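Colleague: Coordinates for the following, if possible.
(4 chains)
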2 protein chains.
Amino acid sequence: MLHPLLRALIAAELPVLEEHDVSMWGYAVLTGLDDTPVRTQAALAEAIGADKSRIIGTLDELQDAGLIERTPDPSDRRVRLLSITPKGRRVRRAVRKDIRGHEDRVLAPLPAADRQAFLRVLRHFYDTR
Amino acid sequence: MLHPLLRALIAAELPVLEEHDVSMWGYAVLTGLDDTPVRTQAALAEAIGADKSRIIGTLDELQDAGLIERTPDPSDRRVRLLSITPKGRRVRRAVRKDIRGHEDRVLAPLPAADRQAFLRVLRHFYDTR
DNA sequence: CGAAATCATACGCTTATGCATATGATCTAC
DNA sequence: GTAGATCATATGCATAAGCGTATGATTTCG
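Modeller: Take a look at the predicted model:
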């Protein structure tokens, strides 16, 4: 059950991400920063389940693309705080909109009550994660 | 939005699979064969989204463990038909039961109607894949 | 009949990822 | 003041997986 679901979701998501020139981890970063705007790299990596070393390359790309910024933390010179740029926020929300659009099309044949319930359960997962 | 859900489900599934000494691909194979009992290796690999070469090792392991069998196809000497053994079926169903059990515990705080709807929607995703 | 296709199998190459280690700079606590 | 911890960064190692190629045996089709 799970495995085909995973494959279907990835298959749905990848073309959207490609269209916006964002990687999967890139999108996860943007999402994390959009939801909680300023974070240390370590905290963000933990929050999105990424390896703190491996995520560096992704951060570099996002920074080069002007989607995020790294700012030295005045209270701790080891730390660079991450934040999303307005451009990054726009990209993230556009991607989310497109992905939601696809999900909505998949869900469309189902009764509205089921759709609402599904979203409620997802929110539950998200909140308890 | 779906991403945390998937991480949670994967996190739930892996320990169960380890407990039963089955890999993820192994479980996918058992599931595929349980659902459609006799298949060529190529057909099964395609059905579960596996690479037909890479799946050979998994099939070897499952065969060694007595969970599946490979039988020459009398009508085509190139082909070996796969089938699940009664032991394989028992393992698959035990794993499924445990995974479901865990999912049920995660979903327990939610109203029953939401749970049912959630499962219905997941099934819909699965069917429209 | 013979060329092309197909089966299972093996393996090369590349990429991604998890985990570990290491570095230099900085911070914290004793 | 100093040892230990932590930050971001880089990289090694092992594993898994996708895709491609190749092989020998067999089948299909013109």
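Colleague: Leaving out the residues flanking it, which one is nearest to the most centrally placed residue in chain A?
Modeller: Nearest to the centroid of the C-alpha atoms of chain A, with distances taken as Cα atoms, centre = their mean, sits residue A:28, at 2.7 Å. Once its chain neighbours are removed from consideration, residue A:28 has its nearest residue in residue A:48; the separation is 4.5 Å (Cβ to Cβ, 6 or more residues apart in numbering or on different chains). Any C-beta I mention is one placed from the backbone N, CA and C, and that applies to glycine too.
Colleague: The one you found contacts residue A:33, doesn't it?
Modeller: No. Under the criterion of Cβ atoms under 8 Å, residue A:48 makes no contact with residue A:33, lying 9.5 Å away.
Colleague: higher neighbour count, these two?
Modeller: In terms of neighbours (other Cβ atoms under 10 Å in any protein chain shown), residue A:33 is the more surrounded of residue A:48 and residue A:33; the figures are 25 against 20.
Colleague: which residues does the more buried one contact?
Modeller: Under the criterion of Cβ atoms under 8 Å, 6 or more residues apart in numbering or on different chains, the neighbours of residue A:33 are A:39, A:44, A:68, A:82, A:83, A:84, A:88.
Colleague: Please tell me how far residue A:18 sits from DNA strand C.
Modeller: Relative to DNA strand C, residue A:18 is positioned 12 Å away (criterion: Cβ to the nearest atom of the strand, to the nearest Å).
Colleague: How about the contacts made by residue A:89?
Modeller: Listed by Cβ under 8 Å, 6+ apart, the contact partners of residue A:89 are A:30, A:34.
Colleague: Same question for residue A:61.
Modeller: If you count contacts by Cβ under 8 Å, 6+ apart, residue A:61 has them with A:23, A:26.
Colleague: that's a helix at residue A:27, yeah?
Modeller: Yes. Secondary structure of residue A:27 (DSSP: H, G, I helix; E, B strand; the rest coil): part of a helix.
Colleague: Okay, and which of the contacts of residue A:33 map to helices?
Modeller: Among the contacts of residue A:33, DSSP state H puts A:44, A:88 in helices.
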